[in-house]
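# Here is a sequence with its predicted model. Questions after.
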Amino acid sequence: MNPQEQTDYDKPVAYDTNGRPLYAHPAEEPHEPAAVPTGAAQPVEPPEQRQADTEAQQRHDESTKRYPDLTLVDGEYVIMEMRRHWIGLAAPLMAGTVLVLLVLGGLAAYPAIVPSGNPAFGTLLMPALLLLVLIALGAYIPIWVYRNNHFYLTNQRIIQELQVSLFSRNEETVSLGDVEDVGFKQTGVIPLMLDYGMLELSTPGNEDTYNYTYVCGPKAHIADINEAVRSFKEGRKVSWS
């Protein structure tokens, strides 16, 4: 047979001892395993997720710069800082102002009160100035303590920084997932007229209750906190304003 001629594989090429035909079959070429490309691409994160992560990280960096005293975890950012109402400053300001006016008024009226001028007016100036400094410090300390109380809502937690006194400070935090109930109280004519009140947050079982007083517009803040808590518990992105 000419090796160049095509073999007819349907015709027997020989017979076995029992007379059964034997057929020729082409040799099977070995199958080489498919080459596995090196450096195969890993699963790509969806563009929407990458954008959300990038945006959250940018917000985190901005919050870290704006609130350097806060310890924020990676990806955590401040949504809102709740302001305290100015009414809480009224008492120390008024008390300090009244005392200063009394001292100054006493100095101005001293010649008329003590016509003899004994003791001399000049000898009263130094004690009066010292008294004015003490009054100013006495008014400034409660104002400083009041202004150093902060309440922050982040995309993961609620953070309350409490300045109890000049040398006493602590921080309370609660995860948005642990917040069960949020409410507010406005008791009295002045709080209703000036729109300030107290926020109340409770955890499951009422084990812990967090109160924050003198909050400006507490009703509006309740809606923001509730929306943040729902978004966090449902696994949605906690939006910011």
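Good, I have the coordinates.
# was I right about Y67 contacting V78?
Yes - the pair Y67 / V78 is scored as a contact, 6.0 Å apart, by C-beta atoms under 8 Å. The way it works is simple: take the backbone N, C-alpha and C, and place the C-beta from them, glycine included.
# any common contacting residues for the two?
Taking C-beta atoms under 8 Å, 6 or more residues apart in numbering as the contact criterion, the residues that touch both Y67 and V78 are Y152.
# list the buried ones in stretch 119-136?
Of all the residues in stretch 119-136, those buried under the rule 16 or more other C-beta atoms under 10 Å are 128, 131-132, 135.
# okay, now the nearest residue to S175 once chain neighbours are set aside: neighbour count?
Closest residue to S175 apart from its sequence neighbours, by C-beta to C-beta, 6 or more residues apart in numbering: R157 at 5.5 Å. Applying other C-beta atoms under 10 Å, we find 20 residues neighbouring R157.
# Now do the same for R157: its pLDDT.
Looking at R157, its pLDDT is 92.
# mind checking how far it is from M82?
The gap separating R157 from M82 is 14 Å, by C-beta to C-beta, to the nearest Å.
# Ok, L134 next?
Taking C-beta to C-beta, one finds L134 at 33 Å from M82.
# and L194, what does it touch?
Taking C-beta under 8 Å, 6+ apart, we find L194 in contact with 85, 87.
# Domain ranges for this structure, per the record?
Domain assignment for the chain by automatic domain parsing gives 74-84+149-233, 89-146.
# Tell me what the residue nearest the centre of the chain is bridged to.
The centroid of the chain falls nearest to T154 when counting by C-alpha atoms, centre = their mean (2.1 Å). Counting by DSSP bridges, T154 forms beta bridges with V78.
# Which residues lie in contact with it in this structure?
Going by C-beta under 8 Å, 6+ apart, T154 touches 63, 72, 76-79.
# Could you do V73 as well?
Neighbouring residues of V73 by C-beta under 8 Å, 6+ apart: Q156.
# which element is it on?
Using DSSP states H and E, V73 maps to neither a helix nor a strand.
# Relative to S175, how far out is it?
Counting by C-beta to C-beta, the separation of V73 from S175 is 11 Å.
# Report the set of residues contacting both of these two.
Residues touching both V73 and S175 (C-beta under 8 Å, 6+ apart) are Q156.
# For stretch 194-210, measure first residue to last.
Using C-alpha to C-alpha, to the nearest Å, the end-to-end distance of stretch 194-210 comes out at 23 Å.
# Tell me which residues of stretch 102-113 come out buried.
Across stretch 102-113, burial judged by 16+ other C-beta under 10 Å covers V103.
# what sits up against that stretch?
117, 121, 124-125, 128, 131-132, 135.
# do stretch 172-180 as well
155-160, 162, 201-204, 208, 210, 225, 228-229, 232-233, 238.
# elements contacting the longest helix seen in the chain?
The residue-count maximum for a helix in the chain (DSSP state H) belongs to helix 121-147. Applying 3 or more C-beta pairs under 8 Å, 6 or more residues apart in numbering; DSSP states H and E, we find helix 121-147 packed against helix 90-113, strand 157-165.
# wait, which of those is closest to Y196?
With C-beta to C-beta as the measure, helix 90-113 is the member of the helices and strands packed on helix 121-147 nearest Y196 (11.4 Å).
# Name whatever forms a beta bridge with E200.
Bridge pairing for E200 (DSSP bridges) gives the partners G183, N211.
# Correct me if wrong: it contacts D208.
No - with contact defined as C-beta under 8 Å, E200 and D208 do not form a contacting pair (11.2 Å).
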